[in-house]
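1. my questions concern the predicted model and sequence given below.
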Amino acid sequence: MATKNSELSSSEIKISVKHLNVGFPLGEKQIIKDVSFDVKKGEINGFLGISGAGKTTIIRVLTCQIPKKNWEGEVTVAKISPEKKSNHRELLSKIGYVPQLENLNLYYDLTPMVNVEIFASNYGIDKDIAVKKAQDLLSILDVPEDTWYNKTRSLSGGEKKRLSFAIGMINDPDILFLDEPTTGVDAAKRYDVLSYLKKINRNTGTTMMIITHDLEAAHICDTVAILRAGKLLEYGDPKGLISSLPSQGQIARLTIEDLDRNKINKVRDFAPVKKVMRSGNEILEVFMEDFDINLSKLVEYCIHNDIKIISLSRDEATFRRYFQIRIKEEEEREQRFEQGGGH
Amino acid sequence: MSDLGGLIRKEFGRIRSDKRSLVLLFAIPIILIVVLGLTAGGTTTFFNASIISKDSIECSGEFPDNTSSEYAYSFMSIVKNNCTAFGLKTNYTATDESSFQNAKSECSNLLKSEVIDIYIILPENFSEVVEASKNGSINIYITYYIDGSDMTAVQAAEVALMEPLAFFRMQAGLLENMTQVIPYTEFDVPSWKTQILNYALPMMLPLIILGLDMNLTSLSIVSEGPLPRMLLTPTGRREIVLSKLISYSAVMFLQVTEVFTAIAIFDLYCLGSLFDFYLVLLVTGFCGVTMGLFISAISTTEQVANQIYLMMFIVLVMFSGFMPAELLPPWMGVFIDILPLGHSMELLSNIALKGLGIDEFHLSVVLGIAILFLAIAYIAYALKTKLKKLEV
Ligand SMILES: Nc1ncnc2c1ncn2[C@@H]1O[C@H](COP(=O)(O)OP(=O)(O)OP(=O)(O)O)[C@@H](O)[C@H]1O
Ligand SMILES: [Mg+2]
């Protein structure tokens, strides 16, 4: 289902990044290290990573905000390179941008319609066409019609956010960039925001690149990138990434009485077990190969070894879980590397 | 590619929603003009006087003891009835030293409370000396006291006193072998025009118009949150600055037109061309707009912009010619030449009071300053947006 759009024209690459390095200055303080990826037409791409990983920096390269002297690599956005200054106007006319905070995108003292007209005029779009387009977008985004001609200030937070999306879409961009679209939105509404993005994507086929901390966003993404300390850790579709975990992401969640290090090591010693993670005071998450066959064997093994299981449930890893595992693995690997280097 | 019309519409929308600045911009000049227009009188060219005569004090020295005082009375009567620049409030005839001291302290109080502007003391033996001087030349000393806190009045009094003295000489027949000087001020505001308003306008208008337009424009860039994001559209920095220049100049045009209409209604005295007067106001306003843009471009926050505005305004006022160039050290005098207000004031007063045309030198200086600030504003804005990480 999620691949429907990208299959249509899977050949067309909208964003291409090859061996991108960014530094301030380049070569000394390296912020992005050899990052390569492609985003295909119609895809929603999510850039995930903890704070300071370099997500915004990548988007800033793609949107002509970082001077060429600070980056190197082969980059094209809608087939245009941000490398040359003379390309900037054309490149910027083909993309849309939704900043993290609405007050950077909206004139609160003017009406939503006027806001839309202003930005339309930046692209040289005729006023009448802009109004028509704005009406369509605001309808798709369920911004109530009776607010269109009030001051933007009086809109609710969610409505402002959606107006901001509409403005990002006003020039029918090839690619829409969104910086943290769900930050500052309460948990209940976060899903709404994401589904609106999905709706726009489905209605218009616009390629999207979303920067986010919010791991829930992976639900609507066709591809996700996990960035850590300027390096691209993983890139692919979220389902595929999850199923790259042992036992395709199947988890046995055990609640064990008086869980301690000994007991964890005991479980880890069970041959089919690939990975054990403590996820609470008494809770252990276990990944095994041949999950269905080995689950009952694991129970027997525990009983045999005097490990008292209070409860057992089987679960499928979410993307959140995947992300945590991946980051943790990376941290452990780095620690080992450092210790190894020390000796 | 992008359409300037949309950007200009946006600027008008923003200006319109800033009600407080609009009230400042359009109401303050009108209030000032109305207040000044309704204030009667002019600058101190008319003097309320008191006269103390010591002529009736008993004679001394070589003069015959006839205690004649007819000339003292005729001098008082001239001041009271014949002079255009003088009116007689009170007069005293001292007959001994103590009555003179009383009269003097009373006059001093009247001067302090501004009931009178000047008091004149006629010396002992005044009539006798006048009589005697018809046969030879003896000097007569008349003393006057004036409020030294008003510098212009001190100068004006010197000139004005010529008038009663001239009349007195004629009456007393002291005209022999003498050239009479009767002063007449040229290029002043006629007495039938609202004098305070017309004297104040050339000084005040550049200050108000430039100050208010600079104030309005000084927040135009710095207070616009979505501006950095606009640079992620095909719109360039040049279009952004240009659209602001056009919009704010248009508002300035409206303001200047309003002010001009108001002073016309309130009896503007203008010997020269009204169009020239209007044109100078426009150029001054334009200078305010570009200086405001400059402030906005170099400021990082609204607060910084307000502080820079205040500093610039004080400097502008200080070196506008309120402090005469002759009183300043030479290097400071240079500021008067390179800042706009002094030039605008000179232009306006020359047009209004002397009926001169526009002096091209002064006008080009004001225009040059405006263009210089515009250029710096553009460069500063371009640098700021290039160097600083855009907060979008
Ligand atoms: N112009 C610059 N000069 C120097 N360092 C910079 C510059 N821009 C970014 N950095 C550094 O690069 C690193 C990555 O910044 P970036 O904004 O890309 O992180 P991020 O992944 O978007 O983080 P967050 O999720 O907090 O927004 C940070 O350590 C930041 O301090
Ligand atoms: Mg960021």
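-> Nice, I can see it. Residues are numbered from 1 along each chain as shown, chains lettered A, B, ... in the order given. Ligands and ions are numbered 1, 2, ... in the order given.

2. tell me the contacts of the residue of the stretch 51-200 of chain A found nearest chain B?
-> Distance from chain B to each residue of the stretch 51-200 of chain A (C-beta to the nearest C-beta) is smallest for residue A:121, at 1.9 Å. Where C-beta positions appear, they are placed from N, C-alpha and C, glycine not excepted. Residue A:121 makes contact with A:127, A:130, B:2, B:3, B:5, B:6, B:7, B:9, B:10, according to C-beta atoms under 8 Å, 6 or more residues apart in numbering or on different chains.

3. for the fifth one, which non-adjacent residue is closest in space?
-> Using C-beta to C-beta, 6 or more residues apart in numbering or on different chains and skipping residues adjacent in sequence, the residue nearest residue B:5 is residue A:121, 6.5 Å away.

4. the closest residue to chain A within the stretch 101-250 of chain B: neighbouring residues, count only.
-> As assessed by C-beta to the nearest C-beta, chain A sits closest to residue B:233 within the stretch 101-250 of chain B, at 3.9 Å. When neighbours are defined as other C-beta atoms under 10 Å in any protein chain shown, residue B:233 has 24 of them.

5. what is the helix or strand hosting residue B:383 packed up against?
-> Element membership of residue B:383, judged by DSSP states H and E, is helix B:360-387. Applying 3 or more C-beta pairs under 8 Å, 6 or more residues apart in numbering or on different chains; DSSP states H and E, we find helix B:360-387 packed against helix B:237-265, helix B:274-298, helix B:330-338, helix B:340-354.

6. tilt between it and helix B:237-265?
-> 140 degrees (axes from the mean of the first three to the mean of the last three C-alpha atoms, to 10 degrees).

7. buried stuff in helix B:360-387?
-> B:362-363, B:365-367, B:369-370, B:373-374, B:376-378, B:380-381, B:384-385 (16 or more other C-beta atoms under 10 Å in any protein chain shown).

8. can you tell me which of the contacts of residue A:121 end up in helices?
-> Using DSSP state H, the subset of the contacts of residue A:121 located in helices is A:127, A:130, B:5, B:6, B:7, B:9, B:10.

9. among these, which ones lie close to ligand 1?
-> Near ligand 1, judged by C-beta under 6 Å from any ligand atom, there are no entries from the ones in helices among the contacts of residue A:121.

10. of these, buried ones?
-> A:130, B:6, B:7, B:9, B:10.

11. quick one on the thing from earlier: secondary structure element holding the residue of the stretch 51-200 of chain A closest to chain B?
-> Per DSSP H and E: helix A:112-122 holds residue A:121.

12. and the buried residues of helix B:360-387, which is closest to residue A:239?
-> Proximity of the buried residues of helix B:360-387 to residue A:239 was ranked by C-beta to C-beta; the top entry is residue B:385 with 41.8 Å.

13. does that closest one touch residue B:237 like I think?
-> Yes: Residue B:385 is in contact with residue B:237 according to C-beta atoms under 8 Å; the separation is 6.4 Å.

14. now for the two: what residues contact both?
-> residue B:231.

15. for the stretch 1-150 of chain B, what lies in contact range of chain A?
-> B:1, B:2, B:3, B:5, B:6, B:7, B:9, B:10, B:13, B:14, B:17, B:18 (C-beta under 8 Å from any C-beta of the partner chain).

16. how about the stretch 151-300 of chain B?
-> Close to chain A, as judged by C-beta under 8 Å from any C-beta, the stretch 151-300 of chain B has residues B:225, B:226, B:228, B:229, B:230, B:232, B:233, B:234, B:235, B:236.

17. next up, the contacts around the residue of the stretch 1-150 of chain B found nearest chain A.
-> Taking C-beta to the nearest C-beta, chain A has its nearest neighbour within the stretch 1-150 of chain B at residue B:6, 1.9 Å off. By C-beta under 8 Å, 6+ apart, residue B:6 lies in contact with A:117, A:118, A:120, A:121, A:122, A:127.

18. report the separation between it and residue B:243.
-> 9 Å (C-beta to C-beta, to the nearest Å).

19. and the lengthiest helix in chain A, C-alpha only, in PDB?
-> Secondary structure of chain A per DSSP H: the longest helix is helix A:319-342. Taking Å, rounded to 0.1, in the frame of the first residue of the first chain, the C-alpha atoms of helix A:319-342 are listed here in PDB:
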ATOM      1  CA  PHE A 319       9.600   1.500  14.700                       C
ATOM      2  CA  ARG A 320      10.300   3.300  18.000                       C
ATOM      3  CA  ARG A 321      11.700   0.000  19.400                       C
ATOM      4  CA  TYR A 322      13.700  -0.500  16.300                       C
ATOM      5  CA  PHE A 323      15.200   3.000  16.500                       C
ATOM      6  CA  GLN A 324      16.200   2.600  20.100                       C
ATOM      7  CA  ILE A 325      17.800  -0.800  19.400                       C
ATOM      8  CA  ARG A 326      19.700   0.600  16.500                       C
ATOM      9  CA  ILE A 327      21.000   3.700  18.400                       C
ATOM     10  CA  LYS A 328      21.900   1.500  21.400                       C
ATOM     11  CA  GLU A 329      23.800  -0.900  19.200                       C
ATOM     12  CA  GLU A 330      25.700   1.900  17.700                       C
ATOM     13  CA  GLU A 331      26.600   3.400  21.100                       C
ATOM     14  CA  GLU A 332      27.800   0.000  22.300                       C
ATOM     15  CA  ARG A 333      29.800  -0.500  19.200                       C
ATOM     16  CA  GLU A 334      31.400   2.900  19.600                       C
ATOM     17  CA  GLN A 335      32.300   2.200  23.300                       C
ATOM     18  CA  ARG A 336      33.900  -1.100  22.300                       C
ATOM     19  CA  PHE A 337      35.800   0.700  19.700                       C
ATOM     20  CA  GLU A 338      37.000   3.300  22.100                       C
ATOM     21  CA  GLN A 339      38.000   0.700  24.700                       C
ATOM     22  CA  GLY A 340      39.700  -1.400  22.100                       C
ATOM     23  CA  GLY A 341      41.600   1.700  20.900                       C
ATOM     24  CA  GLY A 342      42.600   2.500  24.500                       C
END
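
20. what about the strands in the stretch 51-200 of chain B?
-> Counting by DSSP state E, counting those that start in this stretch, the stretch 51-200 of chain B has strands at residues B:86-93, B:118-122, B:143-146.

21. lowest-confidence helix or strand of chain B?
-> Least confident helix or strand of chain B, by mean pLDDT, DSSP states H and E, is helix B:151-160 with a mean of 78.

22. that one: how far from the chain's middle?
-> 17 Å (C-alpha atoms, centre = their mean, to the nearest Å).

23. can you pull the phi and psi angles for the residue in the stretch 201-343 of chain A that ligand 1 sits nearest to?
-> Here the residue of the stretch 201-343 of chain A nearest ligand 1 is residue A:213; by C-beta to the nearest ligand atom that distance is 5.9 Å. In terms of degrees, to the nearest 10, the main-chain angles of residue A:213 are phi -90, psi -20.

24. tell me who's in contact with the nearest residue to residue A:268 once chain neighbours are set aside.
-> Closest residue in space to residue A:268, ignoring its immediate chain neighbours: residue A:276 at 4.9 Å, by C-beta to C-beta, 6+ apart. Neighbouring residues of residue A:276 by C-beta under 8 Å, 6+ apart: A:264, A:267, A:268, A:284, A:285, A:286, A:287.
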